[in-house]
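Undergrad: Quick one, what's the 3D model for this:
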Amino acid sequence: MKLLESLKKYTTVVADTGDIEAIARHRPQDATTNPSLLFHAAQMPAYRHLVDEATELAQDRGGSHEQMAVEFIDHLFVLFGSEILKVVPGRVSTEVAASLSFDTESTIAKARKLISLYDKKGVARQRILIKIASTWEGIRAAELLEKEGIHCNLTLLFSFAQAVACAEAGVTLISPFVGRIYDWYKKEGGGADIPADKDPGVASVTRIYNYYKKFGYQTQVMGASFRNVNQIVWLAGSDLLTISPELLDKLEQTDGEVERKLDPAKAPSVKEDKLHLDEKTFRWMHNEDAMATEKLAEGIRKFNSDARLLEDYALSQVAEKVG
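TA: You can find the predicted model right below:
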C-alpha cells in the first residue's frame with residue numbers, strides 16, 4: 001500500500017493547487033486555491049481559454065481598467081474553481097482578497113459576489129468554501145456568512161485563540177498553517193531541523209483538533225502548509241489535510257501504511273478547559289503568542305503581495321484587449 005492510499009482511510013485529502021491536471025491526477029476530495037496558485041496556473045497554455053473568458057467577462061462589465069481588473073480576478077477565481085469542481089467530488093476554496101482582512105463588511109460583500117458568480121455558472125454554494133483570513137474582522141464576517149448558508153474556510157490560522165474564535169463563530173473549516181509555524185520555531189532555534197514528534201506546527205493542529213472534538217464543535221480542521229511528508233503522517237486522522245502536488249507525489253510513490261494519530265475517541269481525555277472569547281480576550285490571547293502575531297501579519301502581507309501580481313497580470317490582460 002502507498003502512504004497516500006493509507007492516509008485517505010483516516011483523512012480527507014485536499015489538493016493545494018490551481019493546476020487542474022495535477023488535481024485530476026491525484027484524485028483528492030477537495031481543492032484549495034489562492035492568488036499565487038492561480039497566477040502561476042494562468043500562465044500555463046492549458047488554461048489560456050479561462051484567462052480569455054475572464055478577460056471578456058471583465059470587458060462586458062466595463063468601467064476603468066482598474067475596475068475591469070478586479071472583475072477579471074473575480075471571474076478567473078470562479079472559472080478555475082468551476083473547472084476544478086469537474087474533477088473533484090467535493091468542494092473548492094476560493095479566496096477573498098487579503099486587502100480586506102480587516103474589513104468585515106467588504107469581506108461579506110466580496111463573498112456574496114463570488115457565490116453569485118458561481119451560482120451563474122450553475123455551481124451550488126454547498127460546493128464552495130469562501131477563504132478568509134482568521135483576523136477578528138474576518139471571523140465576524142464568516143459568522144454572518146455561515147448564517148446565510150455561505151460556508152467559509154478560515155485561513156492564516158496560527159494561534160489557539162484564532163481556532164477557538166472560529167469554532168465559536170460556527171465556521172465550516174479552519175486551515176492551521178503547519179509549515180509556517182514550523183519555519184518560525186526552526187528560525188528561533190538557530191535553523192536546526194525539528195523532528196516530527198516535537199514539531200510545533202503538528203502540536204498546534206493536534207491541540208486544536210482535540211479541543212474541537214472534546215467540546216463537540218462541528219468546525220472541521222484542515223492542516224495546511226506542509227514542509228515534508230512526516231508532518232502529514234503525524235496528522236493522519238485530521239478531518240482534512242491540504243497538500244501540494246509535490247508532496248502528494250511523494251505520498252503516492254512511497255510504500256507504507258499510515259498510523260492514525262488524531263482520533264476523536266481520544267479527545268475527551270485531553271486536559272483542556274472550554275474558552276469563550278470576546279474581542280478583547282481574543283486580541284490579548286493572540287497577541288501573547290509571538291509566533292502567531294508575526295506569522296498572521298506576514299501572511300496577510302504575503303497574500304496581498306501575491307494578489308498584486310495577479311492584479312498586474314489582470315491589468316495587462318485588460319489593456320491588451322481594450323487598449
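
Undergrad: Quick check: phi and psi at Leu240.
TA: Leu240 has phi and psi values of phi -140, psi 160 when expressed as degrees, to the nearest 10.

Undergrad: Look up how far Asp273 lies from it.
TA: Leu240 sits 26 Å away from Asp273, going by CB to CB, to the nearest Å. To be clear about C-beta, it is placed using only N, CA and C from the backbone, and glycine gets the same treatment.

Undergrad: which of these two has more neighbours?
TA: Ranked by neighbour count (other CB atoms under 10 Å), Leu240 and Asp273 place Leu240 first, with 25 against 6.

Undergrad: how deep is the residue nearest to that one when sequence neighbours are not counted tucked in, by neighbour count?
TA: Excluding the flanking residues, the one nearest Leu240 by CB to CB, 6 or more residues apart in numbering is Met222, at 3.8 Å. Applying other CB under 10 Å, we find 28 residues neighbouring Met222.

Undergrad: Check what pLDDT Ala69 gets.
TA: We have a pLDDT of 88 for Ala69.

Undergrad: can you check Ala41 too?
TA: pLDDT, Ala41: 89.

Undergrad: residues contacting it?
TA: Residues near Ala41 by CB atoms under 8 Å, 6 or more residues apart in numbering: Thr17, Gly18, Asp19, Ile20, Tyr47, Phe80.

Undergrad: Mind picking the lowest-pLDDT entry from those?
TA: Looking at these by pLDDT, the weakest one is Gly18, with 89.

Undergrad: ok, and for the helix or strand of the chain with the lowest mean pLDDT, which residues are buried?
TA: Taking mean pLDDT, DSSP states H and E as the measure, the helix or strand of the chain with the lowest value is helix 35-42, at a mean of 88. Using 16 or more other CB atoms under 10 Å as the test for burial, helix 35-42 gives Pro35, Ser36, Leu37, Leu38, Phe39, Ala41, Ala42.

Undergrad: how about the residues you listed in TSV, adding distance to Leu144?
TA: What follows is the buried residues of helix 35-42, written out as TSV (distance: CB to CB, whole Å):
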residue	distance to Leu144
Pro35	24
Ser36	28
Leu37	27
Leu38	26
Phe39	30
Ala41	31
Ala42	31
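
Undergrad: Return the member of the residues you listed nearest to Ala307.
TA: Pro35 (4.4 Å; CB to CB).

Undergrad: Relative to Asp255, how far out is that closest one?
TA: Distance, Pro35 to Asp255, by CB to CB: 36 Å.

Undergrad: Check Glu288 too.
TA: From Glu288 to Asp255 the distance is 44 Å (CB to CB).

Undergrad: And those two? Which one has more around it.
TA: Taking neighbours as other CB under 10 Å, Glu288 and Asp255 compare with Glu288 leading, 11 against 8.

Undergrad: per-residue confidence at that one?
TA: pLDDT, Glu288: 98.

Undergrad: now what about stretch 291-309, what contacts it?
TA: Here stretch 291-309 makes contact (CB under 8 Å, 6+ apart) with 34-36, 39, 73, 95, 97-99, 101, 133-135, 156, 158-159, 161-162, 177, 180-181, 184-185, 200, 286-287.

Undergrad: longest helix anywhere in this protein?
TA: Longest helix of the chain, by residue count under DSSP state H: helix 290-322.

Undergrad: Buried residues, that helix. List them.
TA: Applying 16+ other CB under 10 Å to helix 290-322 flags 291-292, 295-296, 299-300, 303-304, 306-307, 310-311, 313-315, 317-318 as buried.
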